[in-house]
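Visitor: Need a 3D model of the sequence below.
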Amino acid sequence: MPFHGSLLRRTVPFALAVSTALTVTACSKDGDAATTADGVRLVTADQLTTCTHLPYAPFQSEKNGKVVGFDVDMIDLVAKDIGVKQQIVDKSFETIKTGADLNAGVCDVAAAGMTITDERKKHLDFSVPYFDADQALLARKGVAAKSLGDVKSKKLKLGSQSSTTGEETAHGKGLDPQSFESSDAELNGLRTGQVDVIIQDYPVVANWLKDPANAAKFKLVGTVATGEHYGFAVKKSGNPKLLASIDKAITRSKKDGTYKKLYEQWIGPMPEGADAR
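Guide: The predicted model follows:
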């Protein structure tokens, strides 16, 4: 059974308590930072510290005091390989995608349902892709819109999650959506009538619609093919051995069936070829 990460909420860089369970072969000048026997650098000994932005189900969300989800279980595979446990920190998506949290030593890895883009590559080192995701349009039932073109021509109010590729896609189509800090806030904006339609990653929308209460009020009205791929990220030019460990865990999980099992647990039926990368 995968270890589901515990959660720390922080707004500034921090030093976490050091456990004695990890065999530390070297200590860096960064205070609590440690290096595992495999040469993987960690900001805190005996744990792989992950920055994420909650909630973003089915990739990461809180349930019964634990953070669970597809990303959580995938990073648990990495933590197991290097002999530690995962500790999760809830941060702003803006400081995750710019590399600010990794540069400040808040965490070792960013796992936040994050699309790999050329702009983000300037600030982060990404793993091999682990998930393909297009955008989806969700509307209140009765709203007639099947595309971003419809939203624009009918002058409907569009909502998006701030700092996301969904928001960038809307801007690219000449739209100026109302920006919400989190996916939950975005959905609530639709629920309360602040907006008519929202744009969000397809698996997140599909997960919302599993709730009968949401399915009764909202409808998936269209998709926007963007060819997006998610990746986990580490500090730019700062942790190549951890990056190699992440790539190894992703690749192995796709070969041994673990990826398919987790995909179907958290996302749903896996499309043919989804694990071929």
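Visitor: Mind giving me the packing neighbours of the one helix or strand Ala136 maps to?
Guide: Ala136 is part of strand 131-140 when elements are defined by DSSP states H and E. Counting by 3 or more CB pairs under 8 Å, 6 or more residues apart in numbering; DSSP states H and E, the packing neighbours recorded for strand 131-140 are helix 165-172, helix 183-191, strand 197-201, helix 202-208, strand 218-230. Using the backbone N, CA and C atoms, a C-beta is placed for each residue, glycine as well.
Visitor: now for the fourth one, which elements pack on it?
Guide: Spelled out, it's helix 202-208. By 3+ CB pairs under 8 Å, 6+ apart, helix 202-208 packs against strand 131-140, strand 218-230.
Visitor: Point out the most buried one among these.
Guide: Highest mean neighbour count among the helices and strands packed on helix 202-208 (mean count of other CB atoms under 10 Å): strand 131-140, with a mean of 21.
Visitor: can you give me the offset of that strand from its chain's centre?
Guide: Put simply, strand 131-140 sits 15 Å off its chain's centre (CA atoms, centre = their mean, to the nearest Å).
Visitor: partners of that strand in the sheet?
Guide: Using DSSP bridges, strand 131-140 pairs in its sheet with strand 197-201 (antiparallel), strand 218-230 (antiparallel).
Visitor: which residues touch Gln135?
Guide: Taking CB atoms under 8 Å, 6 or more residues apart in numbering, we find Gln135 in contact with 165-166, 169, 199-202, 223-224, 226, 228.
Visitor: gap between it and Pro269?
Guide: For Gln135, the distance to Pro269 equals 20 Å [CB to CB, to the nearest Å].
Visitor: Point out where the stretch 151-277 of the chain drops to low pLDDT.
Guide: Counting by pLDDT under 70, the low-confidence segments of the stretch 151-277 of the chain come to 272-277.
Visitor: same thing with the stretch 1-150 of the chain?
Guide: Short version for the stretch 1-150 of the chain, where the test is pLDDT under 70: 1-32.
Visitor: those helices in it, which residues are they?
Guide: Under the criterion DSSP state H, counting those that start in this stretch, the stretch 1-150 of the chain contains helices at 70-82, 93-97, 100-103, 118-121, 148-153.
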